[in-house]
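Student: give me the fold of what follows.
(chains A and B)
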Amino acid sequence: MKIATWNVNSLKVRLPHLLQWLADNPVDVLCLQETKLTDDKFPVADINAAGYQVVFSGQKTYNGVAILSKLPITDVVANNPRYEDAQQRILAATIDGMRIICAYVPNGQAVDSDKYAYKLAWLASLREWLADEMAAHPQLAILGDYNIAPADRDVHDPAEWEGQIHCSERERAALLALNELGLVDSFRMFEQADKSYSWWDYRQLAFRRNRGLRIDHILLSGALAARCTACAIDRAPRKWEQPSDHVPVVATLN
DNA sequence: ATGGCCACAGGTTGTGGA
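Tutor: Have a look, this model is predicted:
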């Protein structure tokens, strides 16, 4: 069983990459972020033809999340019921006895901006809701773009990024608060290469220079962490023509 | 030099992303 997450930065533009990646990597579950599509424009037929069921919650221009699955999808919930939010950033569903949560955490733009306050409030509310969800669903995974690099080793230049958005203390504390619920960063359960990142800026040849951040994560409850045998970042699609700035992260469960 | 690149809506530029 493989579960994965990928911020595609526009599913309209990236649909060919999604279909190619699934052909190369037939994962069982894939969470998508930044689909940027209203639900009436979601490419259901193309995804079904690739062998996946799909649920989605989108809006015009911004945000938008989806869950693809080879197995049946039930009990779908869009948004955190504890947090009134016009932005479509959360989708939860039950697949093969697991609670799968797809999350697109707010960017935050700049420390101390209005968007930063929104990010922190959103994360605090997420934590409250996840406590409920974990109690109801011992086998839980929350996959997505967290827009937070957990530690300096997840940042290409920690001095340049110190205190900046994605790396600030309050953001990292909000992520740690999720760990304190019992959610484990599956990537760090295993030995990994140094300078492993999941996002690179489009500018300044950042990918070629490996100037990136690791901000896309798969967090697992204890019951799922006990089943996890691997977690890897797939850099391949970042080399394709007209790529997303993020790449997929894949966790393997037995 | 505080921008560089990309996607989007919509219009000859601004906003958001990270």
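Student: going forward, measure contacts between C-alpha atoms and count neighbours the same way
Tutor: OK.
Student: separation between the closest residue to A:A50 other than its chain neighbours and A:V249?
Tutor: Nearest-residue entry for A:A50: A:L19, 7.0 Å, with adjacent residues in sequence omitted and distances by C-alpha to C-alpha, 6 or more residues apart in numbering. Going from A:L19 to A:V249 by C-alpha to C-alpha, to the nearest Å gives 16 Å.
Student: repeat for A:A4
Tutor: 5 Å.
Student: overlap in contacts of the two?
Tutor: Shared contacts of A:A4 and A:V249 (C-alpha atoms under 8 Å, 6 or more residues apart in numbering): A:I218.
Student: please identify which helix or strand holds the residue in the stretch 101-250 of chain A that DNA strand B sits nearest to.
Tutor: Nearest residue of the stretch 101-250 of chain A to DNA strand B, counting by C-alpha to the nearest atom of the strand: A:R203, 3.4 Å away. Assignment of secondary structure by DSSP states H and E places A:R203 within no helix or strand.
Student: give me the phi and psi for it.
Tutor: Torsion angles at A:R203 (phi, psi; degrees, to the nearest 10) stand at phi -90, psi 160.
Student: and the most centrally placed residue in chain A, what element?
Tutor: For chain A, the residue nearest the mean C-alpha position is A:G144 (1.1 Å; C-alpha atoms, centre = their mean). Per DSSP H and E: A:G144 is located in strand A:140-145.
Student: let me know the average pLDDT across the very next helix or strand once past that strand.
Tutor: Next in sequence after strand A:140-145, counting helices and strands by DSSP H and E, comes helix A:158-161. In this model, helix A:158-161 has an average pLDDT of 96.
Student: residues in contact with whichever helix or strand comes after helix A:158-161?
Tutor: Note on helix A:158-161: by DSSP H and E, the next helix or strand toward the C-terminus is helix A:169-180. Outside helix A:169-180, the residues within contact range by C-alpha under 8 Å, 6+ apart are A:120, A:123-124, A:127, A:148-151, A:163, A:185.
Student: let's have those residues in TSV, adding neighbour count.
Tutor: Listed next are the contacts of helix A:169-180 as TSV, based on neighbours: other C-alpha atoms under 10 Å:
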residue	neighbour count
A:L120	19
A:L123	21
A:A124	16
A:R127	19
A:I148	24
A:A149	23
A:P150	24
A:A151	14
A:G163	14
A:D185	21
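Student: format the residues you listed as a markdown table; extra columns: distance to A:V105.
Tutor: Shown next, in a markdown table, are the contacts of helix A:169-180 (distance: C-alpha to C-alpha, whole Å):
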| residue | distance to A:V105 |
| --- | --- |
| A:L120 | 10 |
| A:L123 | 8 |
| A:A124 | 11 |
| A:R127 | 12 |
| A:I148 | 9 |
| A:A149 | 12 |
| A:P150 | 14 |
| A:A151 | 17 |
| A:G163 | 18 |
| A:D185 | 16 |
